[in-house]
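Chemist: turn this into a model:
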Amino acid sequence: MRRLNQYVGGTVMMATLGSLIFIVFIFFISMMIGELQDLKGGYTLNKALVFVLWQVPNMIYENLTFAAFLGCIIGLGIHADANELVIIRSAGVSMTRLLWAVMRPVLLLMVIGILIGEYIAPVSLQLSEGVKASAKTNAGVLKSGSGLWYIENNTFYHF
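Modeler: Model (predicted):
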């Protein structure tokens with residue numbers, strides 16, 4: 001059974017990761033096209049690229065469930081196309097056992113997605129907004145041990 005879990009789970013995992021990469025790539029391209037319209041002043045192509053790259057963890061978090069669904073459908077479709085599901089069922093493997101073999105990699109990806117959503121995505125969104133805001137304004141932000149310094153034109157603010 002361990003080999004069956006690895007075989008079916010590996011197919012589902014690869015299909016899920018492939019669909020996630022494809023979905024994130026589509027969102028990345030569309031977001032980059034949207035950012036090209038905002039290029040003005042200090043907001044250059046490099047800063048727009050950095051802004052969109054910092055958005056990638058959030059894209060992964062938002063699209064992981066859809067990618068997992070597609071991965072399960074594609075992975076099981078691959079096995080069904082080769083009549084492997086019929087062979088697995090005729091070998092006496094129950095539907096519950098087959099469902100568990102499919103769900104194990106998906107549950108692992110969901111845990112990883114929760115960790116990304118809780119710890120990585122908020123920080124990366126904040127950094128991306130900071131990159132865009134500092135590039136669009138003629139301002140600078142400096143973090144120090146005693147607080148935060150914000151510089152706009154010739155005015156200095158300390159928070």
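
Chemist: could you use CA atoms for every contact and neighbour count after this?
Modeler: Fine.

Chemist: can you show me the helices along the chain?
Modeler: Assigned by DSSP state H, the chain shows helices spanning 2-36, 45-81, 84-90, 95-115, 121-136.

Chemist: mean pLDDT for those helices - can I get that in CSV?
Modeler: Output for those, formatted as CSV (pLDDT from 0 to 100):
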stretch, mean pLDDT
helix 2-36, 96
helix 45-81, 96
helix 84-90, 94
helix 95-115, 95
helix 121-136, 87
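
Chemist: okay, now residue 47: neighbour count?
Modeler: Other residues within reach of residue 47, judged by other C-alpha atoms under 10 Å, total 19.

Chemist: can you check residue 100 too?
Modeler: Around residue 100 there are 16 other residues, counting by other C-alpha under 10 Å.

Chemist: you'd agree residue 12 is up against residue 75?
Modeler: Yes - checked against C-alpha atoms under 8 Å, the pair residue 12 and residue 75 is within contact range at 4.5 Å.

Chemist: those two: which is more packed in?
Modeler: residue 12 (30 against 21).

Chemist: mind listing what that one touches?
Modeler: Under the criterion of C-alpha atoms under 8 Å, 6 or more residues apart in numbering, the contact list for residue 12 reads 71, 72, 74, 75, 76, 102, 105, 106.
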